[in-house]
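Visitor: Any chance you could fold what I've pasted below:
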Amino acid sequence: MTEPSLRLDDQVCFALYAASRAVTGFYRPMLDKLGLTYPQYLVLLALWENGACQVKDLGAALQLDYGTLSPLLKRLEKAGLVRRERRRDDERSVLVTVTQEGAALRERALELPPAIGAAMGLENAEFDQLRSLLRKLSRSVADHSG
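Guide: Next up is the predicted model:
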């Protein structure tokens, strides 16, 4: 095992932080054209993939708590991209659906993944390996946190 180091460049947390900032920063101008923030884009990705979702399920999918997700949904609803409705059979449960305008935005968003992939400069196998390692890292840290 290597000696512990407190050098900034030796920290995995810093490499993750810098990579995350670089990637989300690259997204920003493309998302600006769509009128979205990065967290709003993630909400729409989940809804486009899964269809209508209860707020609690959406929060679980995005790993966001209600206090963070609720304002995002309010802004998306105000923009006309989603609709929130209380379920008739359970007033405590709120169902979130993509509106027609939100569904149309999906077509415009299809240009983002190839642009991001190209900016990352990774081969397909490297991209798949990176995603797999990041998922493993997230699960591992979550398992050790609680």
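Visitor: excluding its backbone neighbours, what's nearest the most centrally placed residue in the chain?
Guide: Geometric centre of the chain, nearest residue: Leu42, 3.4 Å, by CA atoms, centre = their mean. Nearest residue to Leu42 in three dimensions, chain neighbours excluded: Leu62, at 5.8 Å (CB to CB, 6 or more residues apart in numbering). Glycine gets a C-beta too; all of them are placed from N, C-alpha and C.
Visitor: how much space between the residue of the chain lying at maximal distance from its centre and Gly51?
Guide: The centre of the chain is farthest from one residue, Glu3, which by CA atoms, centre = their mean lies 35.2 Å away. To Gly51, Glu3 is 51 Å away according to CB to CB, to the nearest Å.
Visitor: likewise Leu105?
Guide: 15 Å.
Visitor: Go through stretch 84-97 and flag the buried ones.
Guide: Val94, Leu95, Val96 (16 or more other CB atoms under 10 Å).
Visitor: partners of the host helix or strand of the last one, with directions?
Guide: For Val96, the element it lies in under DSSP states H and E is strand 94-98. In the sheet, strand 94-98 lines up against strand 53-54 (antiparallel), strand 82-86 (antiparallel) (DSSP bridges).
Visitor: And the next helix or strand past it?
Guide: helix 100-109.
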